[in-house]
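Student: here is my input, please return the structure:
(2 chains)
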Amino acid sequence: MIRSILIVVALLVSFTSVQAAGVLNIDIYGPGQSRVNLFVADPLSKESAGPLGAIPGNAPADLQQRIHANCAFLPFFNMLSARDIIGGPSPGGYVAQNIDFNKFQLSRADVLVTAAWTPQPGGVGEVELRAYEVYTGRLIVGKGYNVASQQQVPEVAARFCADLMEALTGQGDFFRSNLAMIKKEGRRKQVYMSTAQGLGVQKITNLDGICVSPAWSHDGQKLVFVFLDARFHNLCIWDRSTRSLQTKRLPGNTLIAPAFTKHGSVAISLDMRGNPDIYELKPDLSVGRALEENWGIDIGPDFDRTGQRMVFVSNRLGNPHVFLKDFGSGEVRRISLTGKYNTGPSISPDGSQVVFAQMVDGRHKLFLVDLASGRERQLTFGPGSDEDPTWSPDGYFIAFASNRSGPSQIYLTTKHGDEPILIPTGPGETTSPAWGKL
Amino acid sequence: MRKFGVFGLIVLVFCLAMAGGCSKKVSSTPAGATAAGSGSGAYGSQGGLTAEQLEAQRLAELQRQAIEKIGADKIYFAFDSNELSQESRAVLTEKAELLKANAGLVLLIEGHCDERGTNEYNMALGERRARAAYDFLVLMGIDSSKLSIISYGEEYPAVQGSNEAAWSKNRRDEFKASAK
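Tutor: Coordinates of the predicted model:
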């Protein structure tokens, strides 16, 4: 929706978008994630390189604040405030030759973001955003945007931050992805979605009952979930482009935790044989082949990007544990090796790691297992229960639902177990995040 | 629903008592006299109803009582378990008798869980709990076509709270009988 109304054009201004080769590089996947200090300077006038006059809607300050807030989601950034800058926060200019990099070096800033605005009659204005490596004065990213209205400011901030993150880490999809989630409204539960930063929250369903277990197709175009009405479980598929909802009854009584396969088909647990087994549905949503059948409970399939690996939960050994099925070899093996209650697995897009919730002293905490080494480690700690983990498309972030601060909300951590950050999606009990492409 | 049924019953009894009281007043005719309209012609068509209608009313009332009784007692489970306790079996046996005595009833069994498990696993566990009661009733001779199940997982707790007192009341099967 945001995209459809946005007329912002990424202007190729006099400078080009530059990734400073070999300058500042952050390995977000490696074991020793480095942290850099980032400062977002006050917006300047492009004409005078000095203080900015009034621009309708206070867009410059809004953009500055949003870039700051966006970058604060990235655990490898330590955000500096104006009082951290020795000698005052003004950079003196917005291009390298005019910037006093020394004081930012003294203030231990590693990256400096500048904004230069040109007011525009009939619109908000044009803004040039630049990120510099303070130590070398090299340009990391430079982009120009034509901001036609105040409503476009969040999108401009997201696009710039995507480019900045990509220049530093090779991945910017965090700012190009979204989350579906379930929000409780009285006795009903509805499906909502927002950006991964919690912006643009929109209600998708208005059904008379309980919606559970949303999951995106791998291309981010379709959302599947289960709807419980007064009498039946129903499969629902929401098409993002047409905003239409398809509802279908399936054989059996109980529909649990659907997911899309790599090829766009739906996998879901059905109890046709008296206990939940995992089936793949045909394109017409009739029941196709069994992906996993067992005497016990088999639920919660999730597939890697190659479609070769599926994780799921089974109680075939007595307690609920996480299992991995390799479709190439047909091998099924248990991968949660500790604890007695392991559920809600999500496999990383590259199929190398699995995050799941383990019950520890009556509460759920997130654990991550590396499939190559089999090593398992706890990712989240503290009060409350952490449930329903979901990988970001870039395989770096993990969103989950937690009641650590009261009613359940969506939080963000990483594969390294960085301190969870609240994703503000509005009031009301919020659960079951599902990460998808924007 | 059940509360309304009990309340309705109380109101009904009260009205009948009042009606009885009133009829005593208006029927204070002299001994030996015959009250108008109390002849044999009026017998069996009270309020204009035929005998068949009265019988249907009586059966409907019995069925209503059976629905209420079947719905009254829930059965409870241990954490992460769908095993029926001795007490649960006794409760289900009583329900089976009521279903046998009221052939016109069908039964929906709802499986519920406490909040401690995770949502999706609880949906499977709720199914197992509902199915445990279903299987038991079939063993007791109830036609499976009259039985259906649904799992609500942890979505509809009977009692709010995050303690064992609440959890133990939420790990349950509920029973919703209705006329076919």
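
Student: grab the nearest non-local neighbour of the residue in the stretch 51-200 of chain A that chain B sits nearest to.
Tutor: Taking CB to the nearest CB as the measure, the stretch 51-200 of chain A has residue A:189 as its residue closest to chain B, at 7.4 Å. The way it works is simple: take the backbone N, C-alpha and C, and place the C-beta from them, glycine included. Among residues not flanking residue A:189 along the chain, residue A:210 sits closest, at 4.6 Å (CB to CB, 6 or more residues apart in numbering or on different chains).

Student: do I have it right that that neighbour meets residue A:230?
Tutor: No. The criterion here is CB atoms under 8 Å, and residue A:210 misses it with residue A:230 at 10.1 Å.

Student: could you check which of the two is surrounded by more residues?
Tutor: residue A:210 (20 against 9; other CB atoms under 10 Å in any protein chain shown).

Student: quick check: bridge partners of the more buried one?
Tutor: On the basis of DSSP bridges, residue A:210 is bridged to residue A:189, residue A:228.

Student: for it, which residues are in contact?
Tutor: A:188-189, A:227-228, B:152, B:155 (CB atoms under 8 Å, 6 or more residues apart in numbering or on different chains).

Student: swap the cut-off to 6 Å and go again
Tutor: Contacts for residue A:210 (CB atoms under 6 Å, 6 or more residues apart in numbering or on different chains) come out as A:189, A:228, B:155.

Student: got those residues as a markdown table, with distance to residue A:37 columns?
Tutor: Output for these, formatted as a markdown table (distance: CB to CB, whole Å):
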| residue | distance to residue A:37 |
| --- | --- |
| A:189 | 42 |
| A:228 | 49 |
| B:155 | 46 |
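
Student: same list (those residues) but as TSV, adding distance to residue A:220 and neighbour count.
Tutor: TSV is the format used below for those (distance: CB to CB, whole Å; neighbours: other CB atoms under 10 Å in any protein chain shown):
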residue	distance to residue A:220	neighbour count
A:189	22	24
A:228	25	23
B:155	27	20
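
Student: which one of those residues is nearest residue A:258?
Tutor: Nearest to residue A:258 among these: residue A:228, at 13.2 Å, using CB to CB.

Student: on that earlier part again, pLDDT at the residue of the stretch 51-200 of chain A closest to chain B, what is it?
Tutor: With respect to pLDDT, residue A:189 scores 97.

Student: surely it touches residue A:211?
Tutor: Yes. Residue A:189 sits in contact with residue A:211 when judged by CB atoms under 6 Å, with a separation of 5.1 Å.

Student: how much space between the residue positioned nearest the centre of chain B and residue A:359?
Tutor: By CA atoms, centre = their mean, the mean C-alpha position of chain B lies nearest to residue B:68, the distance being 2.0 Å. As judged by CB to CB, to the nearest Å, residue B:68 and residue A:359 stand 38 Å apart.

Student: likewise for residue A:166?
Tutor: 38 Å.

Student: who are the contact partners of the nearest residue to residue A:375 once chain neighbours are set aside?
Tutor: Spatial nearest neighbour of residue A:375, excluding adjacent residues (CB to CB, 6+ apart): residue A:369 at 7.0 Å. Residues in contact with residue A:369 (CB under 6 Å, 6+ apart) are A:335, A:354, A:376.

Student: mind doing that once more with 10 Å?
Tutor: Contacts for residue A:369 (CB atoms under 10 Å, 6 or more residues apart in numbering or on different chains) come out as A:311, A:322, A:324, A:335-338, A:342, A:345, A:353-356, A:375-377.
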